[in-house]
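Novice: Fold the following, please.
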Amino acid sequence: MKHLFKTILLLTAAAMGSACRTVPVPAPDERPVKVTFSILGPDGGTRLTTDNPQQESAVLHWALLLFRDGGLVDFGTSRSAGSITRELVAGRYTACAVVNYPEDAFHPETVRTVQELEGTVTDLGDNALPGLVMTGQRNLLIPEETGTGVQTIPVDRLVFKAGIRKITVRMEDPLLAARPFVLRAVYLTNCPRKSRYGSDASLPDLSGELSWANRMGHQADPSVDRLLSDTGIDAAIPANASHPVPHFFYGYPNPVGADGDSRSRAAWSPRSTRIVIEASVGGRTCYYPVTLPATARNRTYIAEEAVIRGLGSPDPEEDIPGVIEIVFSASTEEWGPVYPINEQS
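Specialist: Numbering: from 1, shown residues only. Got it, this is the predicted structure:
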């Protein structure tokens, strides 16, 4: 009986000790902090107006990817430009956003590292108006940098923008001036189809013909025609008159500059992107190519006016000196404003 009584006392004491034991409280740096991210649209349109400039900045959906020590620790998606909230423990993170990504091809939950995200290859056909692909990232320290202040991540478009605002016909030869001039099409040629999400990542291999759109001339391709080509215009332009309709296009960056350009048709090789004006002059098809410098993402290459002074070339890869005068607003400009990703208190 004594042994039984001692056993009961010991069990009772153990139970009381357990009941009085203090439950450990997580250290302050281990408590999750709620952080809300949202995409904020620009206050106004871009400097380079279009029929609907809002289309160039439209957000159809976006994904937030959060990396710690280089590895993915959390992600979220939004079906619009709405906010995404996550609970994160203290530490240093890389917050990345991918806007208007192809939902059938890019799955944020499968990305493992920042490097893998930056190296993700995208096709020009992933873009649309509205719905240009945009990416960006920044480093932030939680909770120190997520208090009441606003945290932003710049997000840039992956495409560049090129085009001509106005086309004027001012033939110097009276005989040419008397011939009917009909604008048939305007388009970009020699445009890479591939790029990467990372702004500093090298481009994929562009040596193969299939990596380019509109090689050495217009090639009908429904997946990119809406971005690169404006065909079927058939607009008659009288002598000393203008076609005031702007023609803007969107392409992936082309690293080939003037030094690496090629005009050879004997064999394909990477070459400069060109804006080509295709016209009929007295029933004869003529081309007026304008060669661009090496292009970069989120830059603009806009000609304020193209003045046609003579008979164009029979080949969209060949230009004839003196037949067209181009007035560029600037060789390259930042295309803005761009989106920030913003932390809301």
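Novice: give the contact list for Y101.
Specialist: 61-63, 122, 126, 133 (Cβ atoms under 8 Å, 6 or more residues apart in numbering). In this view, the C-beta of every residue, glycine as well, is placed from N, C-alpha and C.
Novice: How about R157?
Specialist: With contacts defined as Cβ under 8 Å, 6+ apart, R157 is in contact with 56, 132-134, 297-298, 335, 338.
Novice: hmm, 10 Å instead?
Specialist: Counting by Cβ atoms under 10 Å, 6 or more residues apart in numbering, R157 makes contact with 56-57, 99-100, 127, 132-135, 250, 297-299, 335-336, 338-339.
Novice: so of these, which ones are in strands?
Specialist: Applying DSSP state E to the contacts of R157, the entries found in strands are 99, 134-135, 250, 299, 339.
Novice: Need the three-state assignment for E103.
Specialist: Put simply, E103 is coil when judged by DSSP: H, G, I helix; E, B strand; the rest coil.
Novice: Against Y252, how distant is the closest residue in space to it that isn't next to it in sequence?
Specialist: Using Cβ to Cβ, 6 or more residues apart in numbering and skipping residues adjacent in sequence, the residue nearest E103 is H61, 7.1 Å away. H61 sits 21 Å away from Y252, going by Cβ to Cβ, to the nearest Å.
Novice: So for those two, which sits in the more crowded spot?
Specialist: Y252 (29 against 16; other Cβ atoms under 10 Å).
Novice: which residues touch that one?
Specialist: Applying Cβ under 10 Å, 6+ apart, the residues contacting Y252 are 122-124, 126-127, 133, 158-160, 191-196, 203, 206, 211-213, 224, 227, 273, 295, 297.
Novice: can you do 7 Å?
Specialist: With contact taken as Cβ atoms under 7 Å, 6 or more residues apart in numbering, Y252 is in contact with 124, 158-159, 191-195.
Novice: that older thread, most neighbours among the contacts of Y101, which one?
Specialist: W62 (27 neighbours).
Novice: Any idea what the nearest residue to that one once chain neighbours are set aside is bridged to?
Specialist: In space, not counting the residues next to it along the chain, W62 is nearest to V99; the distance is 4.4 Å by Cβ to Cβ, 6+ apart. Beta-bridge pairing for V99 (DSSP bridges): W62, M134.
Novice: V99 touches G131, doesn't it?
Specialist: No - under the criterion of Cβ atoms under 7 Å, V99 is not in contact with G131, lying 8.9 Å apart.
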